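need a 3D model of the following:
(2 chains)
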Amino acid sequence: MSSGAEGKAKNRRGLSGWLNPYHYNFERWAYVFQRVTGVAILAYVIGHLGDTSFFVGGPTGTGPSESSWTFISGLVENSFGHLILILVVLVVIFHGANGIRLIVSELGLILGRPSPIEYPYRPKSLRSVQRVLIWVAIALALVGTGWAVLILFGGSI
Amino acid sequence: MKESRLMLLQYSTAVLAVVLVAIHLVMQGIATPYSTAISYATILSIYRTWFYAIFLEALLVVVLVHGFNGVRIILHEWRQTAPWSRWVDLGTVVAIVATVAFGSRTVILAVFGGVAG
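Predicted structure coming up:
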């Protein structure tokens, strides 16, 4: 096989390899969720730029407009819109907290000391602290989501 | 720019985004009740306070640079040919400039624009 064909074969799985959950461990799931939530948040932010532009009359507006803002609020401030906001809070807090874990591990602070490889060959760098911090990220996201539910569906908070 | 510097940019914007988004979320429900926070009068007064206008502009730039650079990193991991890399880098710059310009337009008009009915 030529070197070009070898390179192509190695990368053949592409995105399907990245998203294939077969043989995933907990840390790998955290990695996939970090990426999926990142793309989802960016999509929301782009949409949010669109809806906030209605504060100044939309894409062709020239300044603050109460009627334009009332119009867009009528479209997004409902149960479905609030459900989307709750999902956004969930993924934003997970992405932020898990991202801080990834930055700290990239700095080498929570990887543990190197040691001989022993059966069952589980990477030491992914044990204890890393795993606890993933659970902390999940817990913070759930607490934030509960807070968002209270604010958006709980009445006068 | 070197990839190592772009990763530093990704990490520094990540830390800044965590702080700025946390403040943004607190402002939308804890510091002010949600129904008040999204009212026209409250938003206008926030935009017309210099500190908050600069805060919102910083939030806009930090989140968009972090988000589009993150997508660029994913796309670079997906394929590694030279033309692909060039197009991804160019597309990232165009996307950041276009979205920051559109978001900044809202901030600038909200701060300086004449108030309509």
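
which element is the nearest residue to residue B:13 once chain neighbours are set aside on?
If the residues on either side of it in the chain are set aside, residue B:13 comes closest to residue B:66, at 3.9 Å by CB to CB, 6 or more residues apart in numbering or on different chains. In short, each C-beta sits where N, CA and C put it, glycine included. Element membership of residue B:66 [criterion: DSSP states H and E] is helix B:50-78.

pull out the buried positions in that helix.
Applying a neighbour-count criterion of 16 or more other CB atoms under 10 Å in any protein chain shown, the buried positions in helix B:50-78 are B:52-53, B:55-57, B:59-73, B:75-76.

kindly report the same for stretch B:108-115.
By neighbour count, and taking 16+ other CB under 10 Å as the criterion, the buried residues in stretch B:108-115 are B:109-111, B:113.

now, which of those lie within helices?
Of these, the ones assigned to helices by DSSP state H are B:109-111.

picking up where we left off before, out of the buried residues of stretch B:108-115, who's near chain A?
Near chain A, judged by CB under 8 Å from any CB of the partner chain, the entries from those are B:109-110, B:113.

now pLDDT and distance to residue A:153 too, for these, in a markdown table please.
Below are those laid out as a markdown table (pLDDT from 0 to 100; distance: CB to CB, whole Å):
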| residue | pLDDT | distance to residue A:153 |
| --- | --- | --- |
| B:109 | 95 | 33 |
| B:110 | 94 | 29 |
| B:113 | 80 | 34 |
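
specify which member of these is nearest to residue A:32.
residue B:110 (37.8 Å; CB to CB).

that closest one and residue A:55 touch, don't they?
Yes. Proximity of residue B:110 to residue A:55 meets the contact threshold set by CB atoms under 8 Å, at 5.9 Å.

joint contacts of these two?
Contact with both residue B:110 and residue A:55 is made by residues A:64, B:43, B:47, according to CB atoms under 8 Å, 6 or more residues apart in numbering or on different chains.

mark which of these are part of helices, please.
Among these, the ones falling in helices (DSSP H) are B:43, B:47.

between the host helix or strand of residue B:7 and helix B:50-78, how many degrees?
When elements are defined using DSSP H and E, residue B:7 is found to belong to helix B:3-27. In terms of direction (axes from the mean of the first three to the mean of the last three CA atoms, to 10 degrees), helix B:3-27 departs from helix B:50-78 by 140 degrees.

buried stuff in helix B:3-27?
Neighbour-count burial for helix B:3-27, counted by 16+ other CB under 10 Å, picks out B:6, B:10-11, B:13-14, B:16-18, B:20-21, B:25.

check stretch B:38-46 too.
By neighbour count, with 16+ other CB under 10 Å as the criterion, the buried positions of stretch B:38-46 are B:38-40, B:43-44, B:46.

show me which of those residues neighbour chain A.
Of the residues in the buried residues of stretch B:38-46, proximity to chain A by CB under 8 Å from any CB holds for B:38, B:40, B:43-44.

alright, that wraps it up for me.
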